[in-house]
Structure formats: structure tokens, C-alpha cells
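Peer 1: here's my sequence, what's the structure:
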Amino acid sequence: MRTLENFLARVLSDDIGKLILRLTLGILMLFHGISKLEKGIDGIKFLVTKNGLPEFLAYGVYLGELIVPVLLIIGLYTRISSFIYTVTMAFAIYLAHASYILGTSAKTGALLIETPLLFMLGALALMFLGAGKISVDKR
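Peer 2: A predicted model of the protein is given here:
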């Protein structure tokens, strides 16, 4: 088993792993952003104002769900973009999921906020890892 691990360590690249993480986070979030472009952000505005925050903060969703994902996909300003992504997901968890933040699914036992939490922590990890060599940042 150790020789297999050593072989894989020589063959596989950290940079490809970083690319996969960037593409995954970027592409999956881009679907959310495109939906906001098509359908508007009235729901986000409602959640923002319901929580006592100024309505203009709702427009940050375009940065966090459209611009930042594109930057991650191409690997430009990756650490800053990952930070913004992390903050976007923290706001999403606070605004849309706070009432059941520690709730679990009766069917699977998983946290109900598993997906947004995975997005947020993936972006946080990417903020520490950086873009890798397969990116605009490295050119």
C-alpha cells in the first residue's frame, strides 16, 4: 500500500488538484449567479432587509456568485476571490440557513447546511492553497 501511495505522490500533481477545486467551486457557484441574473434578487433583498441589513448588500450576490466564480475558473486573484467566496457563503448560511444551522436530516443524519458549508470551507481551503501553476495568477 505504501508503494502505491508513493507512486501516486510522484504521478499526481498538487496543481491539478487546485485546478479541480477552482473549477468545481467556480462552475457550481456560477449556476447560482446565472439564476440570479435571470430571475432577479428580490429573494436576497428580502432576506437581507429581514435581518436588519441595508438592502444594497443584496447586490453583493452578483460579485460573489458571478464575478468571483469566473475569476476562480480562470485562476485570477484566486486568494482574494476565495476570501470573497467564503464571505458570500457565510452570509448565505446566516441569511438563509441560520434557523437550522445545527439541524440534521432525519433520513441521512447529515447537516442540513452541508452543501453551503462545503462550498464555504472549500473556498477557505483554496484561499490558503492559492491557484496553482495552471492559472492566470501564475502567468
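Peer 1: pretty sure Tyr85 contacts Leu28?
Peer 2: No. Applying Cβ atoms under 8 Å as the test, Tyr85 and Leu28 come out as separate, 11.0 Å apart. C-beta here means a position set from N, CA and C on the backbone, and glycine is covered the same way.
Peer 1: ok, the two, which is more surrounded?
Peer 2: Applying other Cβ atoms under 10 Å to Tyr85 and Leu28 shows that Tyr85 carries more neighbours, namely 28 against 14.
Peer 1: so the residue nearest in space to the middle of the chain is in which element?
Peer 2: Among the residues of the chain, the one closest to the centroid is Phe119, at 4.0 Å (Cα atoms, centre = their mean). Phe119 is part of helix 114-129 when elements are defined by DSSP states H and E.
Peer 1: which residues touch that helix?
Peer 2: With Cβ atoms under 8 Å, 6 or more residues apart in numbering as the test, helix 114-129 has contacts from 18, 21-22, 24-25, 28-29, 72, 78-79, 82-83, 85-86, 89-90, 92-93, 96-97, 111.
Peer 1: from those, keep the buried residues only.
Peer 2: Among the contacts of helix 114-129, those classed as buried by 16 or more other Cβ atoms under 10 Å are 18, 21-22, 25, 29, 72, 78, 82-83, 85-86, 89, 92-93, 97, 111.
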